[in-house]
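>>> could you look at this predicted model? Sequence included:
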Amino acid sequence: MTLSPDEIERYARHLVLSGVGGPGQQALRRARVAVVGAGGLGSPLVLYLAAAGVGTIRIIDDDTVALSNLQRQVLFATADTGNGKAEAAAAAVHRLNPHITVETSPVRLTADNAAGLLEGVSVAADGSDNAATRYAVSDACFHARVPLVSGAVHGFDGHVTTLAPFGHAADGTPNPTYRCLFPDPPPDAMVDECARHGILGAVTGVIGTLQANEVLKLILGTGEPLIGRLLLFDARDTRFDTITYAWSPANPLTGTAAQDMAE
């Protein structure tokens, strides 16, 4: 499938970029990415994926746009207030790049429906606002063997990591799961963390953009993904730190107990 003249002009800076070029742009065009949550993190994530030419973006969000969202959710305008986020996000994508196919799923992702919502995607990115959804997404991506870029924000801080627990490190150790990093959901896992603690709007832009960068790297097969690494951002001091984490034999997905059960 060749690029149209409009696409050649649109993606000109990619086409001359070593590591992308024509083959990379075609890979982006063939990719199908699921974005869970079209809020603070999902806004820059969706916009940069659409601008980059990711062919199909599946937006999963059951919420509606509220006035209080607009402080950080740059996908939306005041006129979108009261409209469903998934459909409003799709309209924003089409305004930015008419070559993108948008699939909307205006439902809340749960452990029961996650497998169906993620079916057929090449990469997933989680921008949800509660821990329960993050566990459901990460577990479903593990079973579907879909790489996941996970991000979260809190006040002036945020973090992002990439998960591919169906693979192995160079030493043969399994890649860590989300449950290796965070073994158990908090008691209030369904609470909207931004609503409870507040959030500096620009922090969601930083973390969501980093998530988009990780997704594009995975599609293009370039660079070193944040597998086994948690990138931390502190907006107060404008500081980035990285901590490493590893496979835990106690995790229920790939740990020793899970292996024993499989045997």
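That came in fine, so what should we check first?
>>> thought residue 15 was touching residue 22?
Yes: counting by C-beta atoms under 8 Å, residue 15 does reach residue 22; the two are 6.1 Å apart. Heads up, the C-betas are built off the backbone N, CA and C, glycines and all.
>>> neighbour count: these two, which is higher?
residue 15 (16 against 13; other C-beta atoms under 10 Å).
>>> what residues are up against that one?
8, 21, 22, 25 (C-beta atoms under 8 Å, 6 or more residues apart in numbering).
>>> quick one: which two of those are the most distant?
Distance extremes for those: the farthest pair is 8 and 21 at 12.1 Å, using C-beta to C-beta.
>>> any regions of the protein where pLDDT drops low?
188-194, 258-263 (pLDDT under 70).
>>> how about the helices in it?
If DSSP state H is used as the criterion, the helices of the chain fall at 5-10, 12-15, 21-30, 42-52, 85-96, 114-117, 131-144, 178-181, 193-197, 201-220, 256-262.
>>> deepest-packed of those helices, please.
helix 42-52 (a mean of 25; mean count of other C-beta atoms under 10 Å).
>>> the nearest residue to residue 236 once chain neighbours are set aside: how many residues sit nearby?
Leaving aside its chain neighbours, residue 236 sits nearest to residue 156 (4.9 Å; criterion: C-beta to C-beta, 6 or more residues apart in numbering). Neighbour count of residue 156, defined by other C-beta under 10 Å: 15.
>>> same thing with residue 253?
Neighbour count for residue 253, taken as other C-beta under 10 Å: 18.
>>> that one contacts residue 142, correct?
Yes: Residue 253 is in contact with residue 142 according to C-beta under 8 Å; the separation is 5.3 Å.
>>> what is in contact with those two at once?
165, 177.
>>> thinking again about what came up before, could I get the contacts of residue 15 as TSV with distance to residue 113?
Listed next are those as TSV, based on distance: C-beta to C-beta, whole Å:
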residue	distance to residue 113
8	39
21	38
22	38
25	33
